[in-house]
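Enquirer: Mind looking at a prediction? Sequence and model below.
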Amino acid sequence: MIDDEELFESHFSRRGFLASATAVGVAGGSLLATVPAQAAPVRQSAPAADPITTPLVGGLHLQFGVDASAEVVVSWHSRQPVRRPRVLLGGPDGSFERTVTAATSNYTDAKSGQIVYVHHARAGRLRPATEYVYAAVHDGAEAEFGTFHTAPKGRAKFTFTSFGDQGTPTLGKRYVPPPGVTIPNPPFVNDNLGSPAAGDVTAGVERVRPLFHLFNGDLCYANLADDRVRTWNDFWENNTRSARNRPWMPSAGNHENELGNGPIGYEAYQTYFALPRQPGQTDVTRGLWYAFTVGSVRVISLANDDVCYQDGGNSYVRGYSQGAQKAWLEKELKTTRANRDIDWIVVCMHQVVVSSADQANGADLGIRQEWVPLFDRYGVDLVVCGHEHHYERSHPIRGQQPNQTLTPIPTATRPDVVDTSKGTVHMVIGGGGTSVGSNGVLFNPPACRVITSVGAPDPTTGKRPPVYVQEPAPWSAARNAAHPYGFAAFTVDPGRRGGQTTMQVTYYDVLGPNGDLSTFETFTLHRPRRD
């Protein structure tokens, strides 16, 4: 039997790999992964032992581990059990280093009864700020290759990106015409709020080639689909061209709540991702909130449905952690802000504190009550969200008006340069590809509808209707009414000891199927270095 080193080398031509790769370097202060999404290493002919019955390596993707400078998790899925799932790890020169065994978990989709197996290989003992190549494989399958770049240890320049609310670019079910209308051979339509732009935005991210990507919830809207498993598969097939070469770090949105998939609906999400488990989490809440450090940035991912009033998923789960997430968040923020090696605190979550969209979801009082005071107390610099399907950002905010909606108070109004030591900037980045945009329904002048409670469940649908209170929006700094799709890129420059550290932010409109980009706005966040 061929051993793993021979298997790695038989599939991998370093000369061909380098010919298709981009040399490692720094552009605009960004650490770059070395292989474009469309480039693949040259493979020698080594057919699978049984390509008819052996599952493919599907949906290859990466996540950072507890220490992003030393641990990366390589994940893929299959519809049947496999033998010996593993990752063949190669170093910067393309030579084989070692085999990492994958652990397999699974879930049974409650709607279809289909079982999905997900394989997670946790590669540890990695070198900081180093490029690796790897192959994911199980017995009988063709190996799938990718690359990753570990995070720097200590202060360094790098770029990350963020968007939410993507869906898929695929078609999920046949169109059902209205009563009395007959259409021969009705076309297929998308049943999970996706659109072609869901593919375009991923291509746009790959033009920037960030070190990692933050996904602000509502990944693929599988909870709306007739075939939830196929929708997840379509999501991964679209995004593996990026996620196999850089970690995609998610937060759970309301549309990750799938009825019957675990006690609170997140079992599919929890199975596809292997995220750093935190103190206070149970088997039910594992992976729903977590944190990791890259350079001088601490990223904290939260699951808002725990505190939101809005009934937005397949089941109403407000309060599911019984305060455990909030207790963890406060301890995490306190520890992080006391750490002199951390300059920036970035929160990734789904639902929003601010939004000036009418006839959309609106802001949620639950977050303003439970988490915003903690953001203020410990000086969170940046919050990236989705949920509303447009782009908008706030002025730096700190404190709340003593009114029914706890309206956030802006501390400055300069649009191009923001001192985040004076307040938190919130960014709504919900243009990842969903077909239902909210950029066309913005209040003018800016205002905000805040969900302050919910009514009794509807006897037909079981959904609790939101109760809204409208407020002015003095915190609104910029918003994009003209274009629905895009993402933000953040370039961190640590600066010099005793001076300022900066985060250059660019929001890009995505304009077409090749990920063509146009800059909507650029601004700079800054704060004093803490060393």
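Expert: Sure, I can see it. Residues are numbered from 1 along each chain as shown.
Enquirer: V201 sits in which helix or strand?
Expert: In the assignment (DSSP states H and E), V201 maps to helix 197-208.
Enquirer: From what I see, Q351 and G362 are in contact.
Expert: No - using CB atoms under 8 Å, Q351 is not in contact with G362, being 9.5 Å away. No exception for glycine: its C-beta is placed from N, CA and C like everyone else's.
Enquirer: More neighbours: those two, which one.
Expert: More crowded of Q351 and G362, by other CB atoms under 10 Å: Q351, with 32 against 26.
Enquirer: any idea which helix or strand carries that one?
Expert: According to DSSP H and E, Q351 maps onto no helix or strand at all.
Enquirer: returning to that earlier point: what sits in contact with each of Q351 and G362?
Expert: Common neighbours of Q351 and G362 (criterion: CB atoms under 8 Å, 6 or more residues apart in numbering): Q310.
Enquirer: where do the helices sit along the protein?
Expert: For the chain, the helices defined by DSSP state H occupy 4-11, 14-20, 197-208, 228-243, 267-272, 324-338, 365-370, 372-377.
Enquirer: The ones you listed into TSV, with extra columns for mean neighbour count?
Expert: Formatted as TSV, the helices of the chain follow (neighbours: other CB atoms under 10 Å):
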stretch	mean neighbour count
helix 4-11	18
helix 14-20	14
helix 197-208	23
helix 228-243	23
helix 267-272	24
helix 324-338	17
helix 365-370	20
helix 372-377	18
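Enquirer: weakest of those in terms of mean pLDDT?
Expert: When the helices of the chain are ranked by mean pLDDT, helix 14-20 comes last with a mean of 43.
Enquirer: Give me the distance from stretch 173-185 to the chain's centre.
Expert: What separates the centre of stretch 173-185 from the centre of its chain is 36 Å, taken as CA atoms, centre = their mean, to the nearest Å.
Enquirer: now for stretch 295-309, what's the gap between its first and last residues?
Expert: End-to-end distance for stretch 295-309: 35 Å, by CA to CA, to the nearest Å.
Enquirer: make that stretch 297-315, sorry
Expert: Terminal residues of stretch 297-315 are spaced 34 Å apart (CA to CA).
Enquirer: Stretch 63-70 now?
Expert: Stretch 63-70 stretches 12 Å from its first residue to its last (CA to CA).
Enquirer: ok, residues contacting it?
Expert: Contact partners of stretch 63-70, identified using CB under 8 Å, 6+ apart, comprise 71-73, 75, 122, 124-129, 150-153, 212, 247-249, 273-276, 292-294.
Enquirer: In strands, which of the residues you listed fall?
Expert: Using DSSP state E, V72, V73, S75, R122, F212, W248, M249, F292, T293, V294 are the members of the contacts of stretch 63-70 that sit in strands.
Enquirer: Between which two of these is the distance greatest?
Expert: Greatest spacing in those, by CB to CB: S75 and T293 (20.8 Å).
Enquirer: if I read this right, W475 contacts P410, doesn't it?
Expert: Yes - counting by CB under 8 Å, P410 is a contact partner of W475 at 4.8 Å.
Enquirer: so what sits against both of the two?
Expert: The contact lists of W475 and P410 share S394, H395, I397, where a contact means CB under 8 Å, 6+ apart.
Enquirer: Count the neighbours of the last one for me.
Expert: Same thing as I397. Neighbours of I397 (other CB under 10 Å): 26.
Enquirer: Ends of stretch 153-173, what's the gap?
Expert: 47 Å.
Enquirer: Show me what counts as buried in that stretch.
Expert: 153, 155-170, 172 (16 or more other CB atoms under 10 Å).
Enquirer: what's the distance between Q322 and P186?
Expert: Separation of Q322 from P186 (CB to CB, to the nearest Å) stands at 47 Å.
Enquirer: and what of P276?
Expert: P276 is 46 Å from P186, by CB to CB.
Enquirer: which ones are touching the residue lying closest to L288 once chain neighbours are set aside?
Expert: Once flanking residues are discounted, L288 sits nearest to A303: 4.1 Å by CB to CB, 6 or more residues apart in numbering. When contacts are counted by CB under 8 Å, 6+ apart, A303 touches S251, A252, Y266, L288, W289, Q325, M349, H350.
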